[in-house]
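# below is the structure, and that's it, no one-letter string:
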């Protein structure tokens with residue numbers, strides 16, 4: 001699951017971008033490109049271990065609690081290695097105490113001036129990024145798109161609701177001027193997912209379980225159909241449109257993640273990499289995976305050209 005954007009901002013802000021070990025307090029950076037300069041790459045270390053078996057991992061904390069701000073301490077790579085390799089010297093209680101003392105030192109010594117506008121901007125973008133990860137199913141992108149791209153498309157009822165929720169959040173957000181490209185990428189992602197969802201629902205039917213929507217093969221749904229060939233062609237055209245829109249949404253997801261990495265957090269989905277989707281050629285059902293992306297020229301016109309003025313008004 002990893003840390004939320006909100007918790008990342010809290011950790012780095014309250015740590016003053018410095019290692020929490022009092023004899024170090026080296027200034028750190030989130031950007032790998034800056035390692036060769038004056039700053040060392042910072043590491044968001046776990047206090048209670050990430051899982052059972054990890055250093056200091058024996059704890060009743062849930063997985064979610066282990067990933068949160070309160071269980072993280074900002075360290076340089078040297079001290080992160082030290083606390084994990086010398087668990088007896090660095091028990092949980094000592095690390096919590098060090099974190100508390102360090103954040104107090106940052107507050108009193110560095111005289112951090114809180115910029116309300118910057119804080120508000122950070123809250124806005126952090127909430128949108130966290131919402132995208134959760135509501136748009138970033139962590140299981142390949143899995144849900146596989147089901148949506150099956151010969152008989154399938155969508156989760158909860159995912160459909162979540163896409164509508166994400167659209168509401170993006171529309172309602174008060175966007176800071178400095179995050180113009182992120183705003184456009186979020187609007188594009190929302191629009192693509194809403195379109196994909198709406199087109200699917202033309203012929204999707206909620207199953208008896210109430211948890212899954214499945215494509216209705218309407219060309220053979222009512223016994224003998226005198227217009228079978230015509231309706232089969234309509235069904236095939238509809239399925240292809242569903243495929244195309246899921247593919248377009250994957251482009252939008254990759255753009256959104258690129259902007260987050262460029263402007264805010266270089267580690268965002270860095271381990272997972274690009275969002276990948278199956279390229280399914282409808283006629284022979286040949287599968288190939290790819291990570292589709294918008295060109296720089298295409299990005300310039302989005303979302304206006306995509307939504308035909310709906311968001312561009």
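Sure, I can see it. Please read all numbers here as calculations on a predicted model, not as lab measurements.

# low pLDDT regions in the stretch 151-300 of the chain?
Applying pLDDT under 70 to the stretch 151-300 of the chain flags the ranges 221-222, 279-288.

# what are the ranges of the helices in it?
Secondary structure of the stretch 151-300 of the chain (DSSP state H, counting those that start in this stretch): helices located at 157-172, 180-201, 228-263, 296-300.

# which parts of whichever strand or helix holds residue 143 are buried?
Residue 143 belongs to helix 141-148 when assigned by DSSP states H and E. Within helix 141-148, the residues scored as buried using 16 or more other C-beta atoms under 10 Å are 141, 144-148. C-betas here are computed from N, CA, C, even on glycine.

# thinking again about what came up before, among the helices of the stretch 151-300 of the chain, which comes closest to residue 277?
Residue 277 lies closest to helix 228-263 among those, at 4.3 Å (C-beta to C-beta).

# between the buried residues of helix 141-148, which is nearest residue 174?
Nearest to residue 174 out of those is residue 141 (C-beta to C-beta; 27.6 Å).

# ok, the closest one - contacts?
By C-beta atoms under 8 Å, 6 or more residues apart in numbering, the residues touching residue 141 are 250, 253, 275-277.

# what's the neighbour count on residue 216?
Applying other C-beta atoms under 10 Å, we find 14 residues neighbouring residue 216.

# surely it meets residue 205?
Yes: with contact defined as C-beta atoms under 8 Å, residue 216 counts as touching residue 205 (4.6 Å).

# how much space separates the closest residue to residue 241 other than its chain neighbours from residue 248?
In space, residue 241 comes closest to residue 199 once its chain neighbours are excluded; the distance is 5.5 Å by C-beta to C-beta, 6 or more residues apart in numbering. Noted for residue 199: a distance of 11 Å to residue 248, by C-beta to C-beta, to the nearest Å.

# ok, residue 300 next?
Distance, residue 300 to residue 248, using C-beta to C-beta: 17 Å.

# the two: who's more crowded?
Legend: neighbour count by other C-beta under 10 Å for residue 300 and residue 248, higher for residue 248 (20 against 12).

# ok, back up a step: and residue 11, which of the helices of the stretch 151-300 of the chain is closest to it?
Across the helices of the stretch 151-300 of the chain, closest to residue 11 is helix 228-263 (C-beta to C-beta), at 17.0 Å.

# mind giving me the packing neighbours of that closest one?
Secondary-structure packing of helix 228-263 (3 or more C-beta pairs under 8 Å, 6 or more residues apart in numbering; DSSP states H and E): helix 141-148, helix 180-201, strand 277-281.

# adding distance to residue 85, write those out as JSON lines.
What follows is the helices and strands packed on helix 228-263, written out as JSON lines (distance: least, C-beta to C-beta, whole Å):
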{"stretch": "helix 141-148", "distance to residue 85": "35"}
{"stretch": "helix 180-201", "distance to residue 85": "39"}
{"stretch": "strand 277-281", "distance to residue 85": "41"}
